[in-house]
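1. Quick check, what structure comes out for this input:
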Amino acid sequence: MQRISAAIIVALAGMTTLLSMGCVSQDKYDAVLLRNREQDKLLQEKESQLATFNERVSALQARATDAQRLVAEKEDHLASVTRERDAIKKAFDDLMVMYAKLAERPAVSGTGLPEKVVVEIRQLADQYKDLFDFDEATGRLRFKADVTFDSGSNVVKPEARAAIAKLGEILVSDVAKTIKVSIVGHTDTDPVKKPATMALLKDLGKPANNQGLSEARAEAAADVLKAAKVEASRISTKGVGETQPIADNKTADGKAKNRRVEIFLTGS
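-> Numbering: from 1, shown residues only. From the prediction side, this is the model:
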């Protein structure tokens, strides 16, 4: 605005001088005045455009400041998340170290089984929940006979064979090489009646009754462990028939529970 005022003053002074000298006509004076007004208008438009431009620059600067603030906040958040991730990873690594130390403990009270073996058998039991359960306090694996064998048969079913084979892999590891294995077969009170079962027991040189069937099934489970390279000298088998029930033989559910094969593991 100061530039505009100065320009107007100079123009007026010039016109005044020209008029005073009497050498400028009225038409020329009006033309000069009009031209000065147009220049003044043009200058005002430029000033307005400059003001608009300055506002835009200020807005962009404000947005740039906000963007820098957001970037800083994101960087702070990322740093916080990274620290949290590192803390979680360290806690996990510490737990794995503790687990490794725990696995190397020599034995579980009451069984003499190395902790590492107990952990691995526990994981195996979780994998085959419908096939057997594991009692850590006694070192007993209780296999459900109806899932392990077909009715009247001593042939181990494929899933049960896979589970017992995996147990064998655990028992041949260095930490488990002194563990003894005792396999006991059990039956319910229903007598052996199927001709095929009776013929099978006769071929095996066993009595054609529940005692003979319980022995045959215990020996079949032992054969799977032996095939998995568990030394025969570490394994013992016996059948007790119907003499050690764990449920009432008067019900179908009770009979199913009594038909079982139990594997007992004992550390040195």
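
2. how near is the closest residue to Leu204 other than its chain neighbours to Ile235?
-> Nearest non-adjacent residue to Leu204, counting by C-beta to C-beta, 6 or more residues apart in numbering: Ala216, 5.6 Å away. Backbone N, C-alpha and C define where each C-beta goes, glycine included. Remark: distance between Ala216 and Ile235 (C-beta to C-beta, to the nearest Å) = 15 Å.

3. Over to Lys257?
-> 25 Å.

4. what's the answer for Ala218, then?
-> 10 Å.

5. One more: Asn249?
-> Asn249 is 29 Å from Ile235, by C-beta to C-beta.

6. out of these two, which sits in the more crowded spot?
-> Ile235 (20 against 15; other C-beta atoms under 10 Å).

7. for that one, which residues make a bridge with it?
-> Val181 (DSSP bridges).

8. Let me see the ranges of the strands in the stretch 151-268 of the chain.
-> 180-186, 235-239, 260-266 (DSSP state E, counting those that start in this stretch).

9. Compare those strands and give me the one nearest Ala163.
-> strand 260-266 (10.6 Å; C-beta to C-beta).

10. partners of that closest one, with directions?
-> With DSSP bridges as the test, strand 260-266 pairs up with strand 140-144 (antiparallel), strand 180-186 (antiparallel).

11. Nearest to Lys89 among those strands would be which one?
-> strand 140-144 (36.1 Å).

12. any idea how far the closest one is from the chain center?
-> 29 Å (C-alpha atoms, centre = their mean, to the nearest Å).

13. and if you look at stretch 63-77?
-> For stretch 63-77, the distance to the chain centre is 34 Å (C-alpha atoms, centre = their mean).

14. repeat for stretch 252-259
-> When distances are taken as C-alpha atoms, centre = their mean, stretch 252-259 is centred 38 Å away from the chain's centroid.

15. All the helices of this structure, residue numbers only.
-> Ranges of helices within the chain are 2-21, 26-103, 115-127, 145-148, 158-171, 195-203, 210-227, 252-258, based on DSSP state H.
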